[in-house]
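In: here is a sequence with its predicted model. Questions after.
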4 protein chains.
Amino acid sequence: MAQVSPSVHKALKHQRIETPSWGYGNSGTRFKTFAAPGAARNVWEKLEDAALIHRLSGIAPSVALHIPWDWVEDWEQLNAYAQEQGIQIGAINPNLFQDEEYRLGSIAHPDPKVRSKAIRHILECIEIMQVTGSRDLSLWFADGTNYAGQDDLRSRKQRVREGLEQVYAALPEGKRMLLEYKFFEPAFYFTDVFDWGAALLYCQALGEKAQVLVDLGHHAQATNIEAIVAFLLDEGKLGGFHFNARRYADDDLIVGSTHPFELFCIYTELVAAEHSSDPRAAHTARNVAYMIDQSHNIEPKLEAMLQSVLNCQEAYAKALLVDYPALRQAQQHGDVLEAHRILLEAFKTDVRPLLAEVREEMGVPPDPIRALRQGEYLSQRIQRRGTPSGASGYPT
Amino acid sequence: MAQVSPSVHKALKHQRIETPSWGYGNSGTRFKTFAAPGAARNVWEKLEDAALIHRLSGIAPSVALHIPWDWVEDWEQLNAYAQEQGIQIGAINPNLFQDEEYRLGSIAHPDPKVRSKAIRHILECIEIMQVTGSRDLSLWFADGTNYAGQDDLRSRKQRVREGLEQVYAALPEGKRMLLEYKFFEPAFYFTDVFDWGAALLYCQALGEKAQVLVDLGHHAQATNIEAIVAFLLDEGKLGGFHFNARRYADDDLIVGSTHPFELFCIYTELVAAEHSSDPRAAHTARNVAYMIDQSHNIEPKLEAMLQSVLNCQEAYAKALLVDYPALRQAQQHGDVLEAHRILLEAFKTDVRPLLAEVREEMGVPPDPIRALRQGEYLSQRIQRRGTPSGASGYPT
Amino acid sequence: MAQVSPSVHKALKHQRIETPSWGYGNSGTRFKTFAAPGAARNVWEKLEDAALIHRLSGIAPSVALHIPWDWVEDWEQLNAYAQEQGIQIGAINPNLFQDEEYRLGSIAHPDPKVRSKAIRHILECIEIMQVTGSRDLSLWFADGTNYAGQDDLRSRKQRVREGLEQVYAALPEGKRMLLEYKFFEPAFYFTDVFDWGAALLYCQALGEKAQVLVDLGHHAQATNIEAIVAFLLDEGKLGGFHFNARRYADDDLIVGSTHPFELFCIYTELVAAEHSSDPRAAHTARNVAYMIDQSHNIEPKLEAMLQSVLNCQEAYAKALLVDYPALRQAQQHGDVLEAHRILLEAFKTDVRPLLAEVREEMGVPPDPIRALRQGEYLSQRIQRRGTPSGASGYPT
Amino acid sequence: MAQVSPSVHKALKHQRIETPSWGYGNSGTRFKTFAAPGAARNVWEKLEDAALIHRLSGIAPSVALHIPWDWVEDWEQLNAYAQEQGIQIGAINPNLFQDEEYRLGSIAHPDPKVRSKAIRHILECIEIMQVTGSRDLSLWFADGTNYAGQDDLRSRKQRVREGLEQVYAALPEGKRMLLEYKFFEPAFYFTDVFDWGAALLYCQALGEKAQVLVDLGHHAQATNIEAIVAFLLDEGKLGGFHFNARRYADDDLIVGSTHPFELFCIYTELVAAEHSSDPRAAHTARNVAYMIDQSHNIEPKLEAMLQSVLNCQEAYAKALLVDYPALRQAQQHGDVLEAHRILLEAFKTDVRPLLAEVREEMGVPPDPIRALRQGEYLSQRIQRRGTPSGASGYPT
């Protein structure tokens, strides 16, 4: 590898990946939730695990919460506990799909009473954000329909918009609303926020504090995600990511595990925008919330989460190594294959030595996976926590 | 509608659709299982519900069981109860995915102890088949891997084959093994029986009693399912169907609800084969097991199942109305659009009057859905059974 | 069929489907263009064919042109010829992909000289619109890239926007610009106007006269097109359709031939919007341009086009028969399956008798396909025009 | 990179990738064939270009021909010319889609006269193989239908089988028939050899000399190609590859350019099988024909082909570096993520230094792309050959 610029080291040290509290508890497919020995049983243990991932990686200093899965009586106390552990509380994710009332939707439900309930829950989450100091309200709606004719699509669109307007009005200064879209599941005919175009329409109607959240697993097959990222950056509307990987549907696998080149391409759009002369794209890129959203079914939770964080680090490192000026020049000359190769040169580079170096400078283990596997972390957790049965996260 | 031949009436009266016991209990997505008021709580109630669907439709005289969800101490007693209700026990479906040991697979698991356990369970199911008089052992394996490299693909193939050989050897005369394939889920990188080609390879290696089961929701997008049906019929290897509908993944919706023309095209292959001069195709078609396999998340269970049965009836009726001799002639003349239109003529026909007629001849309500909705069936069940919480079917 | 309201007859008589000039010439896949005996060789013959389709169907009174394929010296003369034939000239479609300069794009090309050329061509088309009286400028850009890194996505977005702004500025009062999106092809990595979200962004930035054009074959697998239609109607941004059918990619088959239920669902959104109390949706729906865009490779051109027009008629007729008030009521009550069935009732209705009636009232043959096949239309054309070799439309 | 075993060097020197004659001529999409300056105009020039790619890469010593595109009067002369250039003639590809008679198919056509014509052409190709010393007859059929009902699927299956039997009977000892499957295009409803299962059925029925050919662009979205490769290897039925890359349909891009990790995973199956203790898998893997099949639309032909060959080399090198014993151990222990990482370690390795070394040992340029771009190769060709118009390959 050619000499790496100090700015690359610096950028790598400033990278931040937020891990999700629900990734530390038990989870599964509709067929089975396998018991994960030592998995976190409550929000305190989830914070403990998130803190471990941060100690091992150095770049995961915050944890996203899911309400009411992570609901506590005393948020100040939770905040203090997080700080004690060396991490912060990140995005707040309301749950709008686990109550019986939500069978036909939450903010798009035909019944205004259900819509009100949903909005009240989101407003409650905004209050939690005030105490936890969270910047981002992360909204995913499972709303949709399963059969043609089940509900009126334009009416639903209007209900979603009205609901979001109420939420937006309650959003304090300095807070953001990130609106996530999803191609399908759990709705199988129509999903209310079905793609980036739908999410963007809502965010445009709301205002500056509303931005789109891109979950890598929420697209139709073959969708060019980096194009969506580029367009949202250009519009100043990219708010954040839910990172994970998929081959088929919303598989929620370890990010980067199925298509590492795609993850790299996405990161190159972000790096390029960060350094762009376009102030809106640059500002937007610098404020992107990088969050992991995965559901580990058969893998050890801690190792899977750590691996995910490291895969983001690797993709970012490669994206930082792209020779952008040379790339632009080749592009402007219409030199198709030379431009393509310039991108590939960075991708082909083995960044493991660079990352080991950066980690040493950061005071974290040069091989964090090895450190995790060789440490007593998991065995101690199993001893203390035992083995859960059923999916955690879901309050009992 | 032109005069309908008496053979169509006759064929419609002989149509048989098997409903699944698990379709009467509660079920859900990975996000939520909504409580279905009055849903069956055990196998006895499931049989009661299946019997109701048969009484209302006249064409659903058997019910498939899932073991151990439907396990009882005394199978003779269950058999007797089924007969009392006017139905029979149909295919037996072993469960090879709900035990902790199956985290990395069942008959393809790297550990021979787990493979043995899986095979023992299937052999136990064969014994149940002997008592219930079931003809078909219906095998679906959730086996697969989530990450490239997780396991060796050829080794897994050999393990599956060895396991199936042991099962096949235990299959008594007159029984069949139906092997279901699935594109993905719950495995997200590789599924051991991933398509009809893989299933066919195993069935070829086993022998005549092994046939392929086609689940309409288990294909890649855009797959031409009727072509697979035609090929399997021609090879004498089509054993049965799991009917349902999907738009995205394995959505498990009401059969025919998303793409009625596709369901019709599938039925035309079956009707054509039944009357074919090719003895193998004809014999195969006449012995196809027509089974529903759905998972109703937001719809009333009984109504959804009845609707599914009726949708199969409608597709079959239309397929019976195709003018096959005229179709063959247009095909042989290469008259592309005339041949296409001959098929469409049947599809466009409104068969509701014909079906009302046939139902009256069969002594069932001419509008079974109306009969269900106007009857006390559901309210009585709710009163007796209450509202379940969580997914049923899964033994607790 | 229950008594049909006179308003249905009236609506059916006012239905309008525009056929494309290029559908009457020869066309093919990248593998082969088969010679279609009697296919139109120039724009005059294309108009003659379009007029025949209108005489047989009564609902295809206009024809879309493709420039320069249909370029003539004297547009007044062409206009007069069209009127003579009983039809009008409809949308004008610039060609921005057949010149050598467009290898790397047209309005998104890295080279400003190529972009200027593209814009000049579109401006020329606007001048033609003035003479032909066309309301709609129909824009499809083949622009895109084949390899990651080949060009900068945000730069391309800005170039497209700048180009469209120049075009928009030249659009006279009363004219519209319809912007078509496409998921892929001929670009295989990134397409500049890649989905409805991208197209909508451009149209929003331009103003009221810019609207989105939906081509049924230009979506990712499983995309819910009626949802896009509903959203665009609600935004006042649905300008028109390019109707065709597909199973795989942009197959350009006869509309309604692969998935008739989907075509029906799309039409129900349009009918519902037309009669909506929302003035924007209603106004938008009433001004939608319904156009066919197909490429018949193996079928007789005239029959394929006529069939396409009739399939749209059938879908529209069924959509008119939906009991919308009952549908809304079931939807508001959350009666999932009843609402679904209300939609299906209309779909299941055999509208062929109704359409025969309407056709007689309109003075066109009750069975237009039969009229075409029994007439001398094709044989006379073959005699006069012979059999072309190679793809027509492409100027020689 | 850890010390690389000499066996890796050796294996890399023995790698062989066959390039296709049609990749050196002009080609395009259905929308446009851009003129490629200096593109080969006839088979002699194509051989000249193939030889150049071999001189630059050292691993492309043969060229596949397409008949009749590459038809010559004197095959001995062509053979001699190839040898003179330092290459050999490889697989022979009959063309069964470019004649007017093939509108409705070739060996599956309803008309026996067309089927006979198709078979005669294939038999003619077998004769050519005798003279050129080709081992492989590479069969791709564009056969299929565009509309439901257009033809009878089982009849077509029987026609294909009968046709292949005639061809197989004429295949001399030591020759192979490779049967390629394709998901769709140019047929848009049904393709006669639509997937590996269909191809395998035909090959099984024929015998040992018939094997399946896997084209990387011919699958449904998300298909796990390495699983198909593994299954075919295990069955002794993998005959060869048509390498290329795609994101959407059969995009025919530079192999490895869209999803390098997938190409690597495919190669690991091949490397593992080559060294397998299973004699059938090992024998099969060692006889796989590695062929490129691409269609370069906007890239310089020579550079695109060279890049493709080098991408195969890189993927193979990485697959050779996998620590297979460690991988098997982790797999057997069910250590999901460790096994996955062992695979990834090889993928992450930067093999460019290794390949530069190997190239020097082989006497070819260490950076072949640079050598091509800095040489006079292209400019000389442009001078000699000019710029073609229209697609070449297609005889005029």
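Out: Structure received. Values in this document were obtained by computation on a predicted structure and should not be read as measured data.

In: spatially nearest residue to the one residue in the stretch 151-300 of chain A that gets nearest to chain C (excluding sequence neighbours)?
Out: Of all residues in the stretch 151-300 of chain A, the one sitting closest to chain C is A:Gly197 (2.3 Å; C-beta to the nearest C-beta). Glycine gets a C-beta too; all of them are placed from N, C-alpha and C. Among residues not flanking A:Gly197 along the chain, C:Gly197 sits closest, at 2.3 Å (C-beta to C-beta, 6 or more residues apart in numbering or on different chains).

In: hang on, the earlier thing: so what's the residue count around the residue of the stretch 151-300 of chain A closest to chain C?
Out: 23 (other C-beta atoms under 10 Å in any protein chain shown).

In: contacts for the helix or strand it falls within, please.
Out: Element membership for A:Gly197, per DSSP states H and E: helix A:196-206. Under the contact criterion C-beta atoms under 8 Å, 6 or more residues apart in numbering or on different chains, helix A:196-206 has outside partners A:160-161, A:164-165, A:168, A:177, A:179-181, A:192-193, A:210-214, A:228, A:231-232, A:235, A:237, C:195-198, C:200-201, C:204, C:231, C:235.

In: ok, stretch A:156-176 next?
Out: Against stretch A:156-176 from outside (C-beta under 8 Å, 6+ apart): A:105, A:107-109, A:115, A:118-119, A:122-123, A:126, A:129-130, A:134-137, A:139, A:141, A:143, A:145, A:177, A:179, A:190, A:192-193, A:202, A:205-207, A:209-211, A:239, C:230-231, C:234.

In: can you say which of those residues are buried?
Out: For those, a burial check counting by 16 or more other C-beta atoms under 10 Å in any protein chain shown picks out A:105, A:107-109, A:115, A:118-119, A:122, A:126, A:129, A:134-137, A:139, A:141, A:143, A:145, A:177, A:179, A:190, A:192-193, A:202, A:206, A:209-211, A:239, C:230-231, C:234.

In: and those, which of them are in strands?
Out: A:136-137, A:139, A:145, A:177, A:179, A:190, A:210-211, A:239 (DSSP state E).

In: and which of the residues you listed is nearest D:His333?
Out: Nearest to D:His333, judged by C-beta to C-beta, of those is A:Asp136 at 40.3 Å.

In: quick one: residues contacting that closest one.
Out: Counted by C-beta under 8 Å, 6+ apart, A:Asp136 has contacts A:90-92, A:175-178, A:239-240, A:289.

In: just to revisit the earlier point, pick out the most distant pair among the ones in strands among the buried ones among the contacts of stretch A:156-176.
Out: The widest separation within these (C-beta to C-beta) is 28.4 Å, between A:Asp136 and A:Thr145.

In: quick one on the thing from earlier: run the angle between the helix holding A:Gly197 and strand A:176-180 for me.
Out: Counting by axes from the mean of the first three to the mean of the last three C-alpha atoms, to 10 degrees, helix A:196-206 points 150 degrees away from the direction of strand A:176-180.

In: just the CA atoms of the host helix or strand of A:Arg359, as CSV, please.
Out: Taking DSSP H and E as the criterion, A:Arg359 maps to helix A:352-362. The C-alpha coordinates for helix A:352-362 follow below in CSV (Å, rounded to 0.1, in the frame of the first residue of the first chain):
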residue,chain,number,x,y,z
ARG,A,352,-5.9,-4.5,7.5
PRO,A,353,-2.4,-3.3,8.2
LEU,A,354,-3.6,0.3,8.1
LEU,A,355,-6.4,-0.4,10.5
ALA,A,356,-4.2,-2.3,12.9
GLU,A,357,-2.0,0.8,13.0
VAL,A,358,-4.9,3.2,13.5
ARG,A,359,-6.2,0.9,16.3
GLU,A,360,-2.9,1.0,18.1
GLU,A,361,-2.9,4.8,17.8
MET,A,362,-6.4,4.7,19.3
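
In: which strands or helices does that helix pack on?
Out: In terms of contacts (3 or more C-beta pairs under 8 Å, 6 or more residues apart in numbering or on different chains; DSSP states H and E), helix A:352-362 is packed against helix A:6-14, helix A:301-321.

In: pull the distance from whichever helix or strand comes after the longest one to the chain's centre.
Out: For helix A:301-321, the succeeding helix or strand toward the C-terminus, using DSSP H and E, is helix A:324-332. On the basis of C-alpha atoms, centre = their mean, to the nearest Å, helix A:324-332 is displaced by 31 Å from the centre of the chain it belongs to.

In: in whichever helix or strand comes after helix A:324-332, what's buried?
Out: Per DSSP H and E, the first helix or strand lying C-terminal to helix A:324-332 is helix A:336-348. The neighbour-count check on helix A:336-348 (16+ other C-beta under 10 Å) flags A:336-348 as buried.

In: what's the nearest residue in space to A:Glu185 that is not next to it in sequence in contact with, if anything?
Out: Of all residues not flanking A:Glu185 in the chain, A:Asp250 sits nearest, at 5.6 Å (C-beta to C-beta, 6+ apart). A:Asp250 sits next to A:182-183, A:185, A:215, A:217-218 when contact means C-beta under 8 Å, 6+ apart.

In: A:Asp250 - that's part of a helix, no?
Out: No - the assignment for A:Asp250 is coil, going by DSSP: H, G, I helix; E, B strand; the rest coil, so no helix is present there.

In: ok, now how distant is it from chain D?
Out: 13 Å (C-beta to the nearest C-beta, to the nearest Å).

In: ok, A:Leu171 next?
Out: Where chain D is concerned, A:Leu171 sits at a distance of 38 Å (C-beta to the nearest C-beta).

In: now the helix or strand containing A:Leu378: buried residues?
Out: Using DSSP H and E, A:Leu378 falls within helix A:377-385. Across helix A:377-385, burial judged by 16+ other C-beta under 10 Å covers A:377-378, A:381, A:385.

In: make CSV out of those residues and add distance to B:Ala40.
Out: Formatted as CSV, the buried residues of helix A:377-385 follow (distance: C-beta to C-beta, whole Å):
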residue, distance to B:Ala40
A:Tyr377, 45
A:Leu378, 41
A:Arg381, 40
A:Arg385, 36
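
In: centre of the chain versus stretch A:31-45, how much separation?
Out: 20 Å.

In: export it as PDB, just CAs?
Out: Extracted C-alpha coordinates of stretch A:31-45, given in PDB (Å, rounded to 0.1, in the frame of the first residue of the first chain):
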ATOM      1  CA  PHE A  31     -39.800 -19.800  12.400                       C
ATOM      2  CA  LYS A  32     -37.600 -19.800  15.500                       C
ATOM      3  CA  THR A  33     -35.700 -17.700  17.900                       C
ATOM      4  CA  PHE A  34     -32.700 -19.600  19.000                       C
ATOM      5  CA  ALA A  35     -31.400 -19.100  22.500                       C
ATOM      6  CA  ALA A  36     -28.200 -17.100  22.500                       C
ATOM      7  CA  PRO A  37     -26.200 -17.900  25.600                       C
ATOM      8  CA  GLY A  38     -25.300 -14.800  27.500                       C
ATOM      9  CA  ALA A  39     -27.500 -12.500  25.500                       C
ATOM     10  CA  ALA A  40     -28.500  -9.300  27.200                       C
ATOM     11  CA  ARG A  41     -31.800  -9.500  29.100                       C
ATOM     12  CA  ASN A  42     -32.600  -5.800  29.600                       C
ATOM     13  CA  VAL A  43     -31.400  -2.400  28.600                       C
ATOM     14  CA  TRP A  44     -28.700  -2.200  31.300                       C
ATOM     15  CA  GLU A  45     -27.100  -5.300  29.900                       C
END
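
In: tell me the mean pLDDT for it?
Out: The average pLDDT within stretch A:31-45 is 93.

In: and if you look at stretch A:296-315?
Out: The model assigns stretch A:296-315 a mean pLDDT of 96.

In: that one close to chain C?
Out: No - against chain C, stretch A:296-315 shows no contacts by C-beta under 8 Å from any C-beta of the partner chain, the least distance being 13.5 Å.

In: got the residues of the stretch 251-396 of chain A near chain B?
Out: A:251, A:253-254, A:257-258, A:295, A:297-299.

In: many thanks, have a good one.
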